[in-house]
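Colleague: structural data only, the sequence is not supplied:
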């Protein structure tokens with residue numbers, strides 16, 4: 001019964017609001033990320049996935065901060081503390097997600113010479129690692145925002 005209570009509390013209305021905000025934020029951040037990666041031909045450079053994802057996450061994170069602070073978690077705390085906690089959370093989630101996704105996908109794609117859609121192996125690994133990184137980021141970020149950045153005061 002304790003696990004059932006935890007699941008109900010964890011996946012409450014805040015979770016669904018977070019998902020809605022995430023869809024909006026993902027359209028903005030990841031849209032920018034993929035546009036930069038392709039439009040400026042950063043897919044030709046090893047650093048391209050890092051720069052495109054970092055800029056996409058920076059803009060997406062600004063959108064996320066305001067929507068999650070005021071809409072999802074209804075956090076009323078003023079000052080720099082919630083901004084700093086949010087920024088720290090985003091930085092940790094980003095680093096963790098992409099330090100897992102980029103080397104893992106690069107290793108899988110290069111070890112198996114795997115590619116699709118007329119991309120080089122490196123280009124395909126770049127796009128695929130951004131997708132996996134995004135998925136990992138969402139999971140880490142929800143936990144961090146709910147229980148650290150905008151945690152409820154008791």
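Modeller: The structure has been received and is ready for your questions. As the structure is a prediction and not an experimental result, all values here were calculated from the model.
Colleague: what about the residue nearest the centre of the chain, helix or strand, and which?
Modeller: To find the centre residue of the chain, average its C-alpha atoms and take the closest one (CA atoms, centre = their mean): that gives residue 137, at 3.6 Å. Secondary structure here is read from DSSP states H and E; on that basis residue 137 sits in helix 121-144.
Colleague: didn't residue 136 look like it was pressed against residue 102?
Modeller: No - using CB atoms under 8 Å, residue 136 is not in contact with residue 102, being 10.8 Å away. In this view, the C-beta of every residue, glycine as well, is placed from N, C-alpha and C.
Colleague: more neighbours: which of those two?
Modeller: Of the pair residue 136 and residue 102, residue 102 is the one with more neighbours under other CB atoms under 10 Å, namely 21 against 18.
Colleague: secondary structure class of residue 97, three-state.
Modeller: helix (DSSP: H, G, I helix; E, B strand; the rest coil).
Colleague: list the contacts of residue 152.
Modeller: Shown here is residue 152, whose contacts under the criterion CB atoms under 8 Å, 6 or more residues apart in numbering are residue 73.
Colleague: would you mark the buried spots in stretch 57-71?
Modeller: Residues of stretch 57-71 classed as buried: 57, 60, 61, 63, 64, 65, 67, 68, 69 (neighbour count, 16 or more other CB atoms under 10 Å).
Colleague: what's the closest non-adjacent residue to the fifth one?
Modeller: Taking CB to CB, 6 or more residues apart in numbering, and ignoring the residues beside it in sequence, residue 64 has residue 25 as its nearest neighbour in space, at 4.4 Å.
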